[in-house]
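Novice: the sequence and its predicted three-dimensional model are supplied below.
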Amino acid sequence: MTKAMDATAYQDLEISSDQPPKQLTLEVGPMAPGGHCIARHEGYVIFVRHAVPGETVVVQLIQPGPAGRYWWADTIKVLTPSEFRRTHQWKLADALRAHAAGRRPIGEASLGHVVLEHQRRLKALAFRSAMTRIGEQSFDDAEISVTGIEADEPAGLQWRTRNGFLVSDGRLAVPVNNSTTPVAIRNIPLAVPQLDKLQLWGLDFSGAARVEVATPVNGRQALISIYPAPPIAESDEIFQAHVGSWRQQVATLPQHVSAMVVTPSRLDQRPEINVLQGQNVLEEHVACPQWGTRTFQVSGAGYWHAHRDGPATLVDAVMRAADVQPGQVIADLYAGAGLYSRYLAEATGPTGAVLSVDASPVASDTARHNLQDLPQVTVLNDKVNRILTSWLLIPEADVTEGGLNNRPVDTIVVHPSRVGIGKTVLKAIDQLRPDKIIYVSGNPVALARDTRVLSSCGWSLASTEAFDLAPETQRLDSVSVFRRPS
Ligand SMILES: C[S@@+](CC[C@H](N)C(=O)[O-])C[C@H]1O[C@@H](n2cnc3c(N)ncnc32)[C@H](O)[C@@H]1O
């Protein structure tokens with residue numbers, strides 16, 4: 001049995017908050033969905049980073065988890081290496097080299113020490129474990145495999161078109177693992193080469209809390225979004241002074257690079273945007289061999305996929321799962337810029353209907369732009385729970401008035417953020433009685449929690465496809481189909 005770790009438990013490990021971290025030799029077990037291997041020491045659970053299941057490693061305890069029930073630890077030495085271990089491709093993220101140099105690794109590329117094929121095996125096992133333990137599903141060994149993107153072989157680098165940074169002494173930085181301490185960097189091996197070409201590393205972003213850089217692989221466009229640190233946004237005079245200095249910095253970049261300052265707001269509010277150079281939107285081309293190539297306008301302040309081939313991969317999986325018939329009514333919930341809505345609407349045709357729902361005003365603005373030529377689409381800007389409540393209360397009303405024109409919804413596509421959907425919204429989806437639910441997920445644990453709720457409402461998991469759209473990291477994307485028993 002695993003003991004709960006309280007203050008006395010720390011004494012058992014011979015450490016306390018005012019003692020230096022202790023080193024332990026551990027044999028590590030399976031990998032959890034977060035990318036840490038699970039190990040045990042005298043009944044306590046230790047989540048070990050940068051190990052491979054089956055290895056014996058020396059770890060350094062880093063910090064206790066919430067309520068002190070477990071510990072986080074970094075691998076600092078490998079005593080019996082796995083056959084699947086390789087030298088980490090990103091020195092700053094390599095726990096072994098970091099600790100040898102007397103520093104902590106950055107929190108990126110947590111699986112960079114594992115060969116790519118085995119990363120995918122470990123992700124499949126972690127997915128299955130979450131869906132079994134939390135989702136209460138049962139799987140055969142063969143049922144879950146993770147499909148990678150061919151262009152990522154064999155290194156798993158240069159795929160990320162969306163990169164976020166902290167700022168340290170004005171320079172772009174990333175946080176140390178399990179911490180907010182920033183470390184300035186001069187390249188991101190996971191990023192598409194377009195990022196490095198911008199050479200942003202020498203620019204001064206002083207006054208920014210974070211900076212996000214979007215570098216689509218098609219065309220030469222790039223968009224830098226600067227989020228001011230809270231004290232700066234509070235005083236107009238200081239804010240304007242910083243806007244002036246950021247404008248001078250980005251003026252040194254080529255004209256095809258856009259830049260803007262975004263004052264953060266709640267998801268359902270429109271953020272204040274000051275364009276410094278160029279524009280506040282980008283174009284992304286999505287090329288699906290079976291479903292066609294389409295162009296999407298994407299806001300720098302709205303969601304878009306990080307992997308350059310993520311949109312095409314997920315559209316293909318959603319379209320195969322949806323098997324749309326002309327005239328069907330489809331709800332695309334958490335629809336962002338309307339990526340799935342576009343392909344679903346083309347398939348259902350003018351006699352069908354697609355309801356494209358997102359809470360973010362900037363996402364809905366771009367969705368309206370991207371879907372303007374498809375009269376069968378209605379873009380609805382509100383939280384999913386409010387939209388569903390309205391559909392259930394006044395189904396007879398027009399779609400623009402909060403209803404469904406009395407038409408039943410055939411298929412519901414959901415793609416929530418990493419927190420998942422939750423019971424209230426899932427129960428409302430269930431009450432709409434669609435034939436199937438297609439669930440796109442970037443977080444197996446949240447998917448597993450939601451799967452358990454859907455099962456309790458009588459839905460069964462018909463199929464799951466898993467995709468490695470974030471090599472070198474613990475992240476796993478999946479598309480699952482739920483059906484109501486007939
Ligand atoms: C993971 S993104 C998916 C976007 C889109 N399906 C795509 O593939 O490009 C999740 C989206 O959910 C939206 N969102 C988050 N919480 C929401 C809520 N409660 N109601 C409606 N939309 C929400 C976000 O604005 C974001 O656009």
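Specialist: Here it is on my side, so go on.

Novice: can you give me the domain assignment for the protein?
Specialist: With domains defined by automatic domain parsing, the chain comprises 7-85, 162-280, 284-483.

Novice: and stretch 463-472, average pLDDT?
Specialist: Model confidence over stretch 463-472, given as mean pLDDT, is 97.

Novice: residues of it that come out buried?
Specialist: 464-472 (16 or more other CB atoms under 10 Å). Every residue, glycine included, has its C-beta placed from N, CA and C.

Novice: count of residues packed around the closest residue to the ligand within the stretch 1-150 of the chain?
Specialist: Of the residues in the stretch 1-150 of the chain, the one nearest the ligand is residue 149, at a distance of 16.3 Å by CB to the nearest ligand atom. Counted with other CB atoms under 10 Å, the neighbours of residue 149 add up to 18.

Novice: could I get the buried residue list for the lengthiest helix in the chain?
Specialist: Looking across the chain with DSSP state H, the single longest helix is helix 116-133. With burial defined by 16+ other CB under 10 Å, the residues of helix 116-133 counted as buried are 116, 118-131.

Novice: pairing partners for the helix or strand just after it, with directions?
Specialist: Towards the C-terminus, the helix or strand next in line after helix 116-133, according to DSSP states H and E, is strand 146-147. Strands that pair with strand 146-147, judged by DSSP bridges, come out as strand 460-467 (parallel).

Novice: what residues does the closest residue to the ligand within the chain make contact with?
Specialist: The shortest separation between the chain and the ligand is 2.8 Å, found at residue 336 (distances taken as CB to the nearest ligand atom). Contacts of residue 336 were listed using CB atoms under 8 Å, 6 or more residues apart in numbering, and they are 302-304, 358, 360, 363, 367, 415.

Novice: with residue 133 instead?
Specialist: Applying CB under 8 Å, 6+ apart as the definition, the contact partners of residue 133 turn out to be residue 448.

Novice: could you do residue 358 as well?
Specialist: For residue 358, the contacting residues are 334-336, 364, 367, 379-381, taking CB under 8 Å, 6+ apart as the criterion.

Novice: go again with 7 Å.
Specialist: The neighbours of residue 358, taking CB atoms under 7 Å, 6 or more residues apart in numbering as the test, are 334-336, 364, 367, 381.

Novice: which ones among those residues lie within helices?
Specialist: 364, 367.

Novice: of the contacts of residue 358, closest to residue 87?
Specialist: The shortest distance between residue 87 and any of the contacts of residue 358, using CB to CB, involves residue 336 and amounts to 37.4 Å.

Novice: kindly export the host helix or strand of residue 362 (C-alpha atoms) in PDB.
Specialist: Taking DSSP H and E as the definition, residue 362 sits inside helix 361-370. C-alpha atoms of helix 361-370 as PDB (Å, rounded to 0.1, in the frame of the first residue of the first chain):
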ATOM      1  CA  PRO A 361     -14.500  36.000 -29.400                       C
ATOM      2  CA  VAL A 362     -11.200  36.000 -31.400                       C
ATOM      3  CA  ALA A 363     -11.600  32.300 -32.300                       C
ATOM      4  CA  SER A 364     -15.200  33.000 -33.300                       C
ATOM      5  CA  ASP A 365     -14.200  36.000 -35.400                       C
ATOM      6  CA  THR A 366     -11.700  33.900 -37.400                       C
ATOM      7  CA  ALA A 367     -14.300  31.000 -37.600                       C
ATOM      8  CA  ARG A 368     -16.800  33.500 -39.200                       C
ATOM      9  CA  HIS A 369     -14.200  34.600 -41.700                       C
ATOM     10  CA  ASN A 370     -13.100  31.000 -42.500                       C
END
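
Novice: who does that helix touch, helix- and strand-wise?
Specialist: Taking 3 or more CB pairs under 7 Å, 6 or more residues apart in numbering; DSSP states H and E as contact, the helices and strands that helix 361-370 lies on are strand 292-299, strand 353-358, strand 377-381.

Novice: returning to what we had before: now render the buried residues of stretch 463-472 as TSV, adding distance to residue 97.
Specialist: As requested, the buried residues of stretch 463-472 are exported to TSV (distance: CB to CB, whole Å):
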residue	distance to residue 97
464	37
465	36
466	31
467	30
468	25
469	27
470	22
471	20
472	16
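
Novice: from those residues, which is closest to residue 81?
Specialist: The shortest separation between residue 81 and any of the buried residues of stretch 463-472 is 18.4 Å, and it belongs to residue 472 (by CB to CB).

Novice: tell me the contacts of that closest one?
Specialist: Counting by CB under 7 Å, 6+ apart, the residues that residue 472 touches are 109, 111-112, 156, 190.

Novice: regarding the chain, what is its longest strand?
Specialist: With residue count as the measure and DSSP state E as the assignment, the chain has strand 70-80 as its longest strand.

Novice: and the helix or strand just after that one, what's buried?
Specialist: Going down the chain from strand 70-80, the next helix or strand is helix 95-100, by DSSP H and E. By neighbour count with 16+ other CB under 10 Å, helix 95-100 contains the buried residues 95-96, 98-99.

Novice: do stretch 186-195 as well
Specialist: Counting neighbours by 16+ other CB under 10 Å, the buried set in stretch 186-195 is 188-192, 194-195.

Novice: would you turn these into TSV with secondary structure?
Specialist: Below are these laid out as TSV (DSSP: H, G, I helix; E, B strand; the rest coil):
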residue	secondary structure
188	coil
189	coil
190	coil
191	strand
192	coil
194	helix
195	helix
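
Novice: can you put the buried residues of helix 95-100 in TSV and add distance to the ligand and pLDDT?
Specialist: Below are the buried residues of helix 95-100 laid out as TSV (distance: CB to the nearest ligand atom, whole Å; pLDDT from 0 to 100):
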residue	distance to the ligand	pLDDT
95	29	95
96	34	97
98	31	95
99	35	93
